[in-house]
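Asker: Prediction below, plus the sequence it came from.
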Amino acid sequence: MSKLARPILDYMTPTPHSIGSDQTLATAQKLMKEHRIRHLPVLSGGKLCGLLSERDVKWIATLPSVDATKLTVEEAMIEEPFTVDPNTALDDVATTMAKERYGSALVVKSGHVIGIFTSVDACRALSELLEPKPKQKG
């Protein structure tokens, strides 16, 4: 099996931080800053209902009429994030992310988020794939 055909499961960040849809934007900002992350899966009743990105939070928070302590995550999230099965090939995920300009893919199994694959994970995967192979002794 080629390294590019390996499943996204091999490259994702497992068990990502998430946030409830009823939480405030200020809470999301704090969580992102505290954990140095840029994407938060949004859950409602334990089920995935959206995605909140740092870029969206920063943009919304700059609007003059927005109070980040009152606006809920649900009001700011992307409702249909890019999701993939854990067995989806790395190259398929990377191709879609590049084509659609997605910053992340949520890895979902049986309706539950089990991981996230971000541009940082993609750089790690690229680094691994570009490592020179050890020379075979003759």
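Answerer: Nice, thanks for sending it over.
Asker: by contact count, what packs against the lowest-mean-pLDDT helix or strand in the chain?
Answerer: Every helix and strand of the chain was ranked by mean pLDDT, DSSP states H and E. The lowest is helix 54-61, at a mean of 89. When contacts are defined as 3 or more Cβ pairs under 8 Å, 6 or more residues apart in numbering; DSSP states H and E, helix 54-61 packs onto helix 25-35, helix 73-76. (C-beta placed from N, C-alpha, C; glycine too.)
Asker: just so I know, which of these lies nearest Gly115?
Answerer: Among those, the nearest to Gly115 by Cβ to Cβ is helix 25-35 (15.2 Å).
Asker: Can you give me the buried ones in that closest one?
Answerer: Under the neighbour-count criterion of 16 or more other Cβ atoms under 10 Å, helix 25-35 has Leu25, Thr27, Ala28, Gln29, Leu31, Met32 buried.
Asker: Run the chain-centre distance for that helix.
Answerer: Counting by Cα atoms, centre = their mean, to the nearest Å, helix 25-35 is centred 15 Å from the centre of its parent chain.
Asker: Turn the buried residues of helix 25-35 into CSV, including distance to Leu126 and pLDDT.
Answerer: Output for the buried residues of helix 25-35, formatted as CSV (distance: Cβ to Cβ, whole Å; pLDDT from 0 to 100):
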residue, distance to Leu126, pLDDT
Leu25, 33, 95
Thr27, 33, 96
Ala28, 29, 96
Gln29, 29, 95
Leu31, 28, 97
Met32, 24, 97
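Asker: Output the residues you listed in JSON lines, with distance to Gly50 appended to each entry.
Answerer: Putting those into JSON lines (distance: Cβ to Cβ, whole Å) gives the following:
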{"residue": "Leu25", "distance to Gly50": "13"}
{"residue": "Thr27", "distance to Gly50": "15"}
{"residue": "Ala28", "distance to Gly50": "11"}
{"residue": "Gln29", "distance to Gly50": "16"}
{"residue": "Leu31", "distance to Gly50": "15"}
{"residue": "Met32", "distance to Gly50": "15"}
